[in-house]
Each structure stands twice: as structure tokens, then as C-alpha cells.
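In: Have a look; sequence and predicted model below, questions after that.
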Amino acid sequence: MPGLITDFLISLDDRFLYFVNWLHGDVRQYNIEDPKNPVLTGQIWVGGLLKKGSPVKVVGEDGNTYQIDVPQIKGNSLRGGPQMIQLSLDGKRLYATNSLFSAWDRQFYPEIMEKGSHIIQIDVDTDKGGLTLNPDLFVDFGDEP
């Protein structure tokens, strides 16, 4: 299954490139200090069609299939895939939403239509690179009127 990159951004100091893969469900961070040789420095899975329980499975180079473990935040399952991102001005927090477009959400992630979308926070290591899901921030729009 091909990926679908729906958003990307470059940090204000021009050191890191971030992008989200809405279908696969991962957020990636690349060090681009040498633009001709980007280096993957962080990757985190926050949903997507490759998560455990989905009908989609990854076939590895060895022929075995697998699915990705996606964490919960405050007891909430992460729905859909990461869609839009915003980096804080200091570069230490990356916020991600999970809804793309209602017609596409309905087709690929019907649970967003039933339970609503959300925002999560990903903490960023700006020294060495790396991404960590923040366990304290989960804005659930399904709880809103």
C-alpha cells in the first residue's frame, strides 16, 4: 500500500524536516543539515491502516506479515492517521491532528466519523533528534458538542 504524505514542515532552524503519512500512520523526523543526505532521526506510529487490528498487514522482506503497535493516551485509542502537523516555535513540541477530509475519513477511517477526531502532542528531541508521544495531551473532539 503506498503512503500518503499529507503534511510536512521544516523547523525554524532548518535542521529538521517532519512529515506525516496519513495512511501508514507514522510521523517522521529527518535531520537535513546536509540536504543531499537526509538522515532519519525519529519515527513514531500514532495510528494508520498498519496498526494492529486493521485489515491491512505489512509484508516484510522475509515474507512474514506484521502490524504496528499504536499506543493509547489516557486510555484513548488513537484513531485514523496523523494528518496535519504544527511545530512549536522552540521546536520542542509537534502537534498532530488525525482528520483529513470527511469523505476520505469516511472511507479509510470510519471510526473518526463515529467517535470524532483528536489532537496529540509529540515531544521532540532537538539535540540528537527523536520523537516521543506525550502521554498528557489528548484533545478529543468527539467529546465536544
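Out: Structure received. Residues are numbered from 1 along each chain as shown.
In: going forward, measure contacts and count neighbours with C-alpha atoms only.
Out: Will do.
In: quick one, what contacts Asp26?
Out: Under the criterion of C-alpha atoms under 8 Å, 6 or more residues apart in numbering, the contact list for Asp26 reads Val20, Gln43, Ile44, Trp45, Val46, Gly47, Gly48, Gly81, Pro82.
In: hmm, 7 Å instead?
Out: Applying C-alpha atoms under 7 Å, 6 or more residues apart in numbering to Asp26 gives the contacts Val20, Gln43, Ile44, Trp45, Val46, Pro82.
In: Next, count neighbours for the last one.
Out: In this case it means Pro82. Counted with other C-alpha atoms under 10 Å, the neighbours of Pro82 add up to 32.
In: Am I right that it is in contact with Gly25?
Out: Yes: between Pro82 and Gly25 there is a contact at 5.9 Å, judged by C-alpha atoms under 7 Å.
In: Just say helix, strand or coil for Arg28.
Out: strand (DSSP: H, G, I helix; E, B strand; the rest coil).
In: any chance you could map the strands in this structure?
Out: 5-10, 16-21, 26-31, 39-45, 58-59, 65-66, 72-73, 76-77, 85-87, 93-97, 118-124, 131-140 (DSSP state E).
In: Redo those strands as CSV? Include mean pLDDT and distance to Glu111.
Out: Output for the strands of the chain, formatted as CSV (pLDDT from 0 to 100; distance: least, C-alpha to C-alpha, whole Å):
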stretch, mean pLDDT, distance to Glu111
strand 5-10, 97, 19
strand 16-21, 97, 18
strand 26-31, 98, 18
strand 39-45, 97, 18
strand 58-59, 92, 21
strand 65-66, 94, 22
strand 72-73, 95, 15
strand 76-77, 92, 11
strand 85-87, 98, 21
strand 93-97, 97, 14
strand 118-124, 97, 12
strand 131-140, 97, 13
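In: Fine by me, thanks again.
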